[in-house]
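Q: I would like to see how this sequence folds:
(one chain, ligands or ions: 1)
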Amino acid sequence: MLPRTLFASEHEDFRETCRRFIAESVMPKHEEWEARQYVDREVWQQAGEMGLLCLTIPEEYGGLGADRLYSTVLIEELTKAGASGIGWPVHSDIVAPYMQNYGTQAQKQHWLPQLAAGTCIGSIGMTEPGTGSDLQAIKTRAVEEGDDYIINGSKIFITNGYLTDMCIVACKIGEEDKGAGSVTLIIVEADREGFSKAKPLKKVGLHAQDTCELFFKDVRVPKSNVLGGEAGIGKGFTMLMMELAWERMIIAIMAQATAQAALDSTIDYVKQRKAFGKPVAAFQNTRFKLAEMKTEIGVGQSFVDECLKRVVDGQLSVEAAAAAKMWSSDMVSRVVDECVQLHGGYGYMLEYPVAKAYIDSRAMRIFGGTNEIMKELISRSL
Ligand SMILES: Cc1cc2nc3c(=O)[nH]c(=O)nc-3n(C[C@H](O)[C@H](O)[C@H](O)COP(=O)(O)OP(=O)(O)OC[C@H]3O[C@@H](n4cnc5c(N)ncnc54)[C@H](O)[C@@H]3O)c2cc1C
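A: Residues are numbered from 1 along each chain as shown. Prediction:
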């Protein structure tokens, strides 16, 4: 609605690279991946070779050393294409930055090049069967034994979980529970004895995404696996809080791009589809609905873009990120619902992009902190 001023020509060139790669290497297989609930490992490595993973990680660790607007471009293009099984945003924009910002030198040198190459798939395990919103209530525990920690517990709804080679696991450390002060992030390799994975969960949408449950039964890890080393003990909650604002922006970016793509395909559809001898687009109801959606998307995009400028400057506040996540994910639910309605019965058929957008976008109001938790965060600034 208003021209976007966020991107430079380099970002737009990069957008073309992303589009081409997604069209050639991702979308032809996506339906097959949806049926079996996980993507090929090969596409991770291809993306690594193309320099599409860990964009913001410094070049010395195998990344591009790019700003977060490059991540924004890639996330927008994946979303618009409907490549909802691809877990690169969690891997490149959440897991890798944890490693980059809080890891020891040895941890960075060991993990970041593999993450950037796509030879190691990363995940982050916070949520447990008994608790999600209340992170301080996690039960997964790491108890000291000599030079190691022994981890017991489980995590649920973990994005990239089935394919993961390494998970950053939020644990309570020690026998005594000091609430948030006990939370510690520990790097757990998937081939450690006692680490097991369930099959990908059967979800309402995001069918190609290998979201799954992870189990830890007496998993022994060296103390050097604590993210940030000894200094990271008891600092996990603070680390999580520092990164969550950007995580929430990722969801806002996805929500805006989903809504825009759904509106674009709906406009094409209603111009072609005829009812009572005229295109569906000719009805006043259709035009008004399209106008409302265009307005909502435009208003949301302006706020999200302003937040993204602040991301780049390192100035984004917790409440602005929470507001962007909450408003855009609520907005996309309204938009995709109307888009399905304007498609009639075809909107309920998964071969139509709006139907997939409808089921894929629902989780945006839940993950990254539910929208109710976003309201809690915003209300703290009043
Ligand atoms: C597709 C998908 C992918 C995910 N990926 C990951 C991942 O990679 N890693 C990970 O760790 N987690 C992941 N999650 C988990 C997600 O972050 C949690 O589901 C979410 O934080 C909510 O936790 P919960 O499911 O335990 O719900 P609960 O916390 O049990 O909440 C249930 C309801 O109670 C409400 N509620 C809770 N507390 C309050 C409160 N204080 N005030 C008002 N209402 C409240 C909630 O808003 C919600 O409506 C994923 C989830 C999904 C669906």
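Q: could I get the full set of helices for this structure?
A: Taking DSSP state H, the helices of the chain run over residues 9-21, 27-36, 41-49, 68-81, 88-90, 96-102, 105-117, 236-272, 284-313, 318-343, 353-361, 371-379.
Q: with mean neighbour count added, can I get these in a markdown table?
A: Placement of C-beta: from N, CA and C, glycine included. Shown next, in a markdown table, are the helices of the chain (neighbours: other C-beta atoms under 10 Å):
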| stretch | mean neighbour count |
| --- | --- |
| helix 9-21 | 15 |
| helix 27-36 | 14 |
| helix 41-49 | 17 |
| helix 68-81 | 23 |
| helix 88-90 | 22 |
| helix 96-102 | 21 |
| helix 105-117 | 18 |
| helix 236-272 | 22 |
| helix 284-313 | 16 |
| helix 318-343 | 23 |
| helix 353-361 | 24 |
| helix 371-379 | 16 |
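Q: so which residues on this protein come close to the ligand?
A: 90, 123-127, 131-133, 157-159, 206, 211, 363, 366-367, 369-370, 372-373, 376 (C-beta under 6 Å from any ligand atom).
Q: from those residues, list the buried ones, please.
A: Buried members of the residues of the chain next to the ligand, counted by 16 or more other C-beta atoms under 10 Å: 90, 123-127, 132, 157-159, 206, 211, 363, 367, 369-370, 373.
Q: other residues contacting stretch 305-324?
A: 4-6, 67-69, 72, 241, 244-246, 248-249, 252-253, 303-304, 369, 374-375, 377-378, 380-381 (C-beta atoms under 8 Å, 6 or more residues apart in numbering).
Q: how close does whichever residue of the stretch 101-250 of the chain sits closest to the ligand get to Asp40?
A: Of the stretch 101-250 of the chain, the residue with the smallest distance to the ligand, taken as C-beta to the nearest ligand atom, is Gly132 at 1.9 Å. Gly132 sits 29 Å away from Asp40, going by C-beta to C-beta, to the nearest Å.
Q: could you report the pLDDT at the nearest residue to Gly87 once chain neighbours are set aside?
A: Among residues not flanking Gly87 along the chain, Asn160 sits closest, at 4.0 Å (C-beta to C-beta, 6 or more residues apart in numbering). Here, the pLDDT recorded for Asn160 equals 98.
Q: same check, this time on Gly174
A: On the pLDDT scale, Gly174 gets 84.
Q: once you drop chain neighbours, what's closest to it?
A: Ser182 is the one closest to Gly174 (C-beta to C-beta, 6+ apart), at 6.4 Å.
Q: with Gly298 instead?
A: Per C-beta to C-beta, 6+ apart, closest to Gly298 is Met1, 2.8 Å.
Q: if I look at that neighbour, how far off is Cys307?
A: Applying C-beta to C-beta, the value for Met1 to Cys307 is 17 Å.
Q: same check on Ile138?
A: 29 Å.
Q: one more: Phe283?
A: 36 Å.
Q: ditto for Ala198
A: When Ala198 is compared with Cys307 (using C-beta to C-beta), they lie 36 Å apart.
Q: try Gly345
A: Taken as C-beta to C-beta, the span from Gly345 to Cys307 is 38 Å.
Q: same check, this time on Gly85
A: According to C-beta to C-beta, Gly85 stands 27 Å off from Cys307.
Q: since we're on Tyr61, how many residues are nearby?
A: Using other C-beta atoms under 10 Å, Tyr61 has 20 other residues around it.
Q: that one contacts Ala117, doesn't it?
A: No: using C-beta atoms under 8 Å, Tyr61 is not in contact with Ala117; the gap is 10.6 Å.
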